[in-house]
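A.B. asks: Turn this into a structure:
(chains A and B)
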Amino acid sequence: MSPKRKRSLLLGLPLLGFLVVLVVLGSGLGRDPSLLPSVLIDRPLPEFQAQRLDDPEQWLSPADLHGDIALLNIWATWCPTCYQEHTFLNTLRERDIAIYGVNYKDDREAALNWLSQLGDPYRFNIDDPEGQLGIELGVYGAPETFLLDAQGTIRYRHVGALDETVWEREFLPRIRQLEPQS
Amino acid sequence: MRWIGLLGLLSLLALPVQAAIDPFEFDHPEQRIRYHALIDELRCPTCQNQNIAESNAALANDLRQRVYTMIMDNHPDSEIRNFLVQRYGDFITYRPPVKPLTWLLWFGPFVALLIAAIALALWIRQRNAQPPAQIEETDRERLKRILAKHSGDL
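C.D. replies: Predicted coordinates for the structure are as follows:
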């Protein structure tokens, strides 16, 4: 190798390094750092024993959520985004989507009032006044929505409000994959 | 009068009250140390640039509570850390585990340092390998004349 070529190679190396750093950092630019991937994907629902929101006598466990492909929606009356999302959940209910709720760190009375006023899209709600189930699920902000398969395995987690766009982009393709081929 | 003055002076000696408010009670001081070490290195998932010791977020409060409960139940630190990582992911800890995904994070700086060191060594070797500068015969003559002319100045 001639000294001149060697020299231009040496000079080119920092440029190459810079480009690599640029690509690595650039790829992170489009990401929303507040969205954390769930570590529970493809894992069964965590074990829990919790009261049913509208019937404290009744204790619920993960097995109660088995049977259908379903959504598990974490919500609270103190959460403005949940209010915004609620209409769309009602729409999903009309489309016969099974939705279970976790009433997260909320007041039972307030939650039941909310459901009677805004409509109740849930099959049932799990009462989680202390946020203990929230910790088990790795919840870090309401609303969050998990997609469960019929065996109660977590397939996807969405953080933030559900709407038609998110539904069609993130949920529908996954649900189609989970549905038994007929 | 003198007594009052003395009391005033004594009051200056009063030790500052332990300022940190700790809502939790521990059985051993060692548990308190572990508790503080853990909440210092655990990151709050809601307010992402704070640890759960600093954050006022409701979730940080819940997680502090959980760490406390687990310490009181005699879980070792590693178990408490694993408990949270299994639910919130590696994000929760400011000390991410060494695994293929984090190799760049842990070893990247050393690799960069190594590359820089090799580049520097190559550069120095190349510079030393260059023959000393050649002086033309005419320049040598000129230098001699100049030196001879000014030798009297010194």
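A.B. asks: burial of the residue in chain A that chain B sits nearest to, as a residue count?
C.D. replies: Nearest residue of chain A to chain B: A:Y140, at 3.7 Å (C-beta to the nearest C-beta). Quick note: C-beta positions are derived from backbone N, CA and C, even for glycine. For A:Y140, the count of nearby residues is 25 (other C-beta atoms under 10 Å in any protein chain shown).
A.B. asks: quick one, what contacts it?
C.D. replies: Contacts for A:Y140 (C-beta atoms under 8 Å, 6 or more residues apart in numbering or on different chains) come out as A:L36, A:V159, B:P45, B:T46, B:L59, B:Y88.
A.B. asks: now, among these, which is nearest to B:R81?
C.D. replies: B:Y88 (10.9 Å; C-beta to C-beta).
A.B. asks: can you give me phi and psi for the closest residue in space to the closest one that isn't next to it in sequence?
C.D. replies: Excluding the flanking residues, the one nearest B:Y88 by C-beta to C-beta, 6 or more residues apart in numbering or on different chains is A:G138, at 4.8 Å. Phi and psi for A:G138, reported as degrees, to the nearest 10, are phi 70, psi 30.
A.B. asks: next one: A:G67
C.D. replies: The phi/psi pair for A:G67 (degrees, to the nearest 10) is phi 120, psi -40.
A.B. asks: same check, this time on A:P56
C.D. replies: Residue torsions, per degrees, to the nearest 10, at A:P56 are phi -60, psi -20.
A.B. asks: Point out the other helices and strands that the lengthiest helix in chain A packs with.
C.D. replies: When chain A is parsed with DSSP state H, its longest helix is helix A:3-29. Packing contacts for helix A:3-29, counted by 3 or more C-beta pairs under 8 Å, 6 or more residues apart in numbering or on different chains; DSSP states H and E, involve helix B:103-129.
A.B. asks: contact partners of the next helix or strand after the helix it packs on?
C.D. replies: Moving toward the C-terminus from helix B:103-129, the next helix or strand (DSSP states H and E) is helix B:137-150. Helix B:137-150 has contacts (C-beta under 8 Å, 6+ apart) with B:I135.
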